[in-house]
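Asker: Output the structure for:
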Amino acid sequence: MQVYLCEKPKQGEEIALFLGMSLSDKKKGYYESGKVVVTWALGHLFKLQPPEFYCPEVKKKWDYKCLPIIPEEYEYVLGSKSKVQFRTIKNLLKKAKEVFITTDPDPEGESIARNIIKFAGYKGSVKRILFGSTDDETLKQAFSNPLSINDTQWMYDTAIARARSDWVVGMNLTMAFTLLVQKLEGGSRMKKAFAIGRVKTPVAMLVYHREQAIKNFKPTSYYDVTANLYDSLGNEFVCAWDIPEKHLDSEGRLLSEEFATKAADYIRETKLGVIESFNEVVKEKQPPLPYELNSLQVECEKFDISPDETLEIAQSLYDKPFSAITYPRTDTGYLTTGFSEKIDGILSSLFTLDLDEKLKENINPALRSKAWNDKKVKVHHGIVPTSNKIDFSHFSPKQKIVFLLIAKRFLLQFTPNYVFKHTDLKIKIGNLKFKASCNVPVSLGWKAFVSDDDESIVNLPSLKIGQKVGVKSSNTLTKKTRKPNRYTQASLLMAMINISNEVSDPSLKKLLSDQDGIGTVATRSTIIKDLLGNGLLNLKGKYISPSDWLEKHMCHIPEQMKQPANSALWERGFQAIQAGDITSDKFVEFQEKFVKDAVINLNKIYLEVK
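Answerer: Purely as a prediction, here's the structure:
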């Protein structure tokens, strides 16, 4: 007997119908037709045992004497609501000769299935079926090419490491920190736990640090110097002083008004400049990649759709009966070259919709943008439409918005490149150097169909090296630094993706790249939602701020968790697991050591509080 193991009942029904079964084949907890069975989990049937399993005393009262709780073996418990379904699956697996894992194609889906198989004691053949969308064409291809279970071992290892490290950090530090805050508050105001998490706390600290930057902000004046020039034909243009670095502060700003004024006076007195270099080159820019989940969430905020709601909507568009888009929980916008086989079908479906006619006219199915790159795709590719027929009468208004965003971004892959003339100019006026550059469109290509906030275009005249230009005037421009903006849910999401942009410490910044982030593509919006829900962060309008509770007690949070960069560096551990450089056990051991030290330090503070 063949058993197909799905993640949830709805997915089980979809797979059963795809395999040719009917609703009449449904039994209690599974579908069966001939020697083929489709059954399902209810999400995670098995969860890590709570702390009281290892230390019964903490069930009645949390106490530093019990902390930290570091299991020798991380044990699992079958959820009380899952027992009946697990019994059904276990009985089916006893009869199975082959098991096919058809849960969601991500580490969580992998761990759901593998834990069931493990605790059911099944020892037979297991294969993995990965599918990026739920339309019949994709499912046929995936089911006819099952993978070896070894090919997705890294998914399971990653999920196990993430779950156990989150447990050991979250459970222990939440108990330890809550005990400290209770004592600080005299026990009277503490009605719930002060949640500490391996990822959640660094995210909360991003908001805290931003709020402090706003409160402590003092505007700083800085200066630029420009020269208004003209050539022999009377063409006027503006260049900016290329200020030597030795006169700039660490942020690249000239802070001396006196120095700027002297430079402007000097330029006016010099009256003539000479062209040192003049380069014109025609460049092309390819269309933006198809969306991955986080970039889609950021775009949807413009339509007042929160990141968490965007994920829910995208999931609904992925699931049957719509099967309108590919798997949404992806962290890349790239596509595989093999996906090219589906282009004609997708375009045919999209062309039946009421879309921009000009855009349709400029579609060339033979074009291939930078999106087509097998090396950039690990498991999931960018979010794109499927070839399924779309009927907007069955869509909610927000579903339509999200789908059309995805569809338009996909269509842009088949439009011409944006072509522009890029000009770089360098001029010497006396002993000072000036520069200017501009981009002048030659052919808008895909940009004709995208709203653009670029500043107005300024053209430069055609000049030659050695040519002299006159100085009409010179200006000192006074500028002021601006107060940072509070995060929105979307901008906080982007901060989680690229932590290096949020780090000011030079030593930490050196360790980070633009690939370093915290959380996962599927959990970031949920983390923000949970922080708002547990009262550590506040949402007023669309802006997020730290709660009074967080501001009051953050000083005692372990230092390593105050710096989001550390969490980003921890995330590299999961990449190392995938690459086979470390084991999941080694990664968890590292987290356990951190917890031991953190609990000792919190206990010291606890004992000092009177």
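
Asker: Any idea how many residues pack against residue 356?
Answerer: Counted by other Cβ atoms under 10 Å, the residues lying close to residue 356 total 12. Glycine gets a C-beta too; all of them are placed from N, C-alpha and C.

Asker: For the stretch 301-450 of the chain, which segments are assigned as strands?
Answerer: Using DSSP state E, counting those that start in this stretch, the strands found in the stretch 301-450 of the chain span residues 418-429, 432-443.

Asker: To residue 214, which of those strands lies closest?
Answerer: Of all these, the one in closest proximity to residue 214, counting by Cβ to Cβ, is strand 432-443 (33.2 Å).

Asker: what lines up beside whatever helix or strand comes next after that closest one in the sheet?
Answerer: Proceeding N to C from strand 432-443, the next assigned helix or strand is strand 468-480, under DSSP states H and E. Paired neighbours of strand 468-480 in the sheet (DSSP bridges): strand 221-230 (antiparallel), strand 272-285 (antiparallel).

Asker: winner for burial among those?
Answerer: Highest mean neighbour count of the strands paired with strand 468-480: strand 221-230, a mean of 19 (counted as mean count of other Cβ atoms under 10 Å).

Asker: what's the following helix or strand after it?
Answerer: According to DSSP H and E, the helix or strand after strand 221-230 is strand 236-241.

Asker: Kindly spell out which helices and strands sit in contact with that next one.
Answerer: Strand 236-241 sits against strand 221-230, strand 432-443, with contacts defined as 3 or more Cβ pairs under 8 Å, 6 or more residues apart in numbering; DSSP states H and E.

Asker: now those strands in TSV, with distance to residue 351 and mean pLDDT?
Answerer: Shown next, in TSV, are these (distance: least, Cβ to Cβ, whole Å; pLDDT from 0 to 100):
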stretch	distance to residue 351	mean pLDDT
strand 221-230	50	98
strand 432-443	23	96
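
Asker: Now distance to residue 359 too, for those strands, in JSON lines please.
Answerer: As requested, the helices and strands packed on strand 236-241 are exported to JSON lines (distance: least, Cβ to Cβ, whole Å):
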{"stretch": "strand 221-230", "distance to residue 359": "39"}
{"stretch": "strand 432-443", "distance to residue 359": "15"}
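
Asker: Is the most far-flung residue of the chain relative to its centre in a helix, a strand, or coil?
Answerer: For the chain, the residue at maximal distance from the C-alpha centroid (Cα atoms, centre = their mean) is residue 269, at 53.3 Å. Look at residue 269: counting by DSSP: H, G, I helix; E, B strand; the rest coil, its state is helix.

Asker: any idea of the pLDDT on it?
Answerer: Confidence at residue 269, expressed as pLDDT, is 96.

Asker: Repeat that for residue 341.
Answerer: At residue 341, pLDDT is 89.

Asker: now the strands for the stretch 1-150 of the chain?
Answerer: 2-6, 30-33, 36-40, 46-48, 76-78, 98-101, 125-128, 147-148.

Asker: Select, out of the ones you listed, the one closest to residue 205.
Answerer: strand 46-48 (25.4 Å).

Asker: Buried residues in that closest one, which are they?
Answerer: Buried positions in strand 46-48, judged by neighbour count with 16 or more other Cβ atoms under 10 Å: 46, 48.

Asker: now what about it, what contacts it?
Answerer: 74-79, 82, 115-116, 119, 163-164, 167 (Cβ atoms under 8 Å, 6 or more residues apart in numbering).

Asker: Among these, which one lies nearest to residue 533?
Answerer: residue 167 (19.9 Å).

Asker: Which residue, other than its chain neighbours, is closest to that closest one?
Answerer: Setting aside the residues directly before and after it, residue 167 is nearest to residue 48 in space (Cβ to Cβ, 6 or more residues apart in numbering), at 5.1 Å.

Asker: Stretch 513-526: how far from the chain's middle?
Answerer: Distance of stretch 513-526 from its chain centroid, counting by Cα atoms, centre = their mean, to the nearest Å, is 4 Å.
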